[in-house]
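> below are the sequence and a predicted model for it; my questions follow.
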Amino acid sequence: MTYAPFDLTGKVALVTGGNRGIGLGMARALAASNASVAIWGRKDAANQAAVEELSALGTGDVRAWSVDVSDEQAIIDATAETVSSLGRIDSCFANAGVGFGAPSFMDMDTETWRKNMAVNLDGAFWTLRESVKHIVERAKAGDPGGSVVGVASLAAIEGAGRNQAYAATKGGLISMLKGIAVETARYGIRANAILPGWIATDMTAAAQGADVFQTKVISRVPIRRWGTPDDFGGMAVYLASDASSYQSGTTLVIDGGYSIF
Ligand SMILES: NC(=O)c1ccc[n+]([C@@H]2O[C@H](COP(=O)([O-])OP(=O)(O)OC[C@H]3O[C@@H](n4cnc5c(N)ncnc54)[C@H](OP(=O)(O)O)[C@@H]3O)[C@@H](O)[C@H]2O)c1
């Protein structure tokens, strides 16, 4: 028999950037554990493909919305639509992200800084704020509990040369989540950050194609391979489930041991 809390029947999970990459890996496990899943991403075709794939995995309802998380009003509207369509949001995974670097820190222009901020930090702020509002309202009506998660990065805690803007968004996300954890614990909300290491997705396509990266970086991953989106499924189910009801304010590193070697 499956460990009972990992059956997410009746729970609704929202995954931003859930149409591919790490978000889709988390959404697959959530759907397979019978959660209803809301996917937000910009590209309709990718959203629809994700809905088709995820709908076949479990008993929950899977729907997608075309949302650009750098647009505050779009997030406010999509949160309301998600709640009215799926009934509630129990867990929110602020995962949508972009990574724009520069040839050097001295060359990093304001546009690069703002492009990272707009999606990774503004977008996560609005996404988390709207989900927290909904969960707190529900708690005040007598139905407490929820889990909010931000997908940060090892870049937040290790030096990320030529990627200072990206790293700053992820450090800010971790700090934001810790503040949410303290303030909303009374409503039964937990807030945690996931810190991926080197994961094979579209975001790292250039690095995956570079021999030098393979020999100098991936060779230093103790588990000796790139991470995959599905490596994030177990953590997503755990954080969406009541099994994690005493876990809050933490940073959960999933990196094949890279950061401790
Ligand atoms: N891959 C890694 O090695 C790695 C390491 C550390 C942290 N991370 C973090 O993990 C998260 C997921 O990354 P990934 O590697 O899975 O990247 P990915 O494969 O490039 O996927 C990015 C996802 O975010 C969505 N997205 C991007 N901009 C968006 C916007 N403005 N509005 C709504 N959705 C948007 C994309 O969907 P649309 O294009 O349809 O909008 C897509 O679903 C990111 O926050 C990233 O910073 C990744």
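Structure's in. What do you need? Just so you know, these numbers come straight off a predicted model, no measurement behind them.
> and the residue of the stretch 51-200 of the chain at minimum distance from the ligand, what does it touch?
Among the residues of the stretch 51-200 of the chain, Gly97 lies nearest to the ligand; the distance is 2.2 Å by C-beta to the nearest ligand atom. From N, CA and C alone the C-beta is placed, and that goes for glycine too. By C-beta atoms under 8 Å, 6 or more residues apart in numbering, the residues touching Gly97 are 17, 119-120, 151, 169, 203.
> let's go with 7 Å and repeat that
Taking C-beta atoms under 7 Å, 6 or more residues apart in numbering as the contact definition, Gly97 lies against 17, 119-120, 151.
> for the chain, what lies in contact range of the ligand?
Within the chain, the residues that sit near the ligand (C-beta under 6 Å from any ligand atom) are 16-17, 19-23, 40-43, 46, 67-70, 95-99, 119, 151, 153, 196, 198-199, 201-204.
> among those, which ones are buried?
Members of these that pass the buried threshold by neighbour count (16 or more other C-beta atoms under 10 Å) are listed as 16-17, 19-23, 40-42, 46, 67, 69-70, 95-99, 119, 151, 153, 196, 198-199, 201, 203-204.
> what about Glu81, how many neighbours?
Neighbour count for Glu81, taken as other C-beta atoms under 10 Å: 14.
> again, but for the one 4 residues further on
Using other C-beta under 10 Å, Ser85 is surrounded by 13 other residues.
> now the one 5 residues further on
Taking other C-beta under 10 Å as the neighbour definition, Asp90 ends up with a count of 25.
> what score does the residue lying closest to it once chain neighbours are set aside have for pLDDT?
What sits nearest to Asp90 in space, not counting adjacent residues and going by C-beta to C-beta, 6 or more residues apart in numbering, is Lys11, at 4.3 Å. pLDDT for Lys11: 98.
> kindly provide the distance from Lys11 to the ligand.
Using C-beta to the nearest ligand atom, to the nearest Å, Lys11 is found at 21 Å from the ligand.
> OK, contacts around that residue?
If you count contacts by C-beta under 7 Å, 6+ apart, Lys11 has them with 35, 90-91, 240.
> phi and psi next, for it.
phi -100, psi 150 (degrees, to the nearest 10).
> quick one, longest helix in the protein?
When secondary structure is assigned using DSSP state H, the longest helix within the chain turns out to be helix 164-184.
> mind giving me the packing neighbours of that helix?
Where contact means 3 or more C-beta pairs under 7 Å, 6 or more residues apart in numbering; DSSP states H and E, helix 164-184 is packed against helix 110-116, helix 124-140, strand 146-151, strand 189-196.
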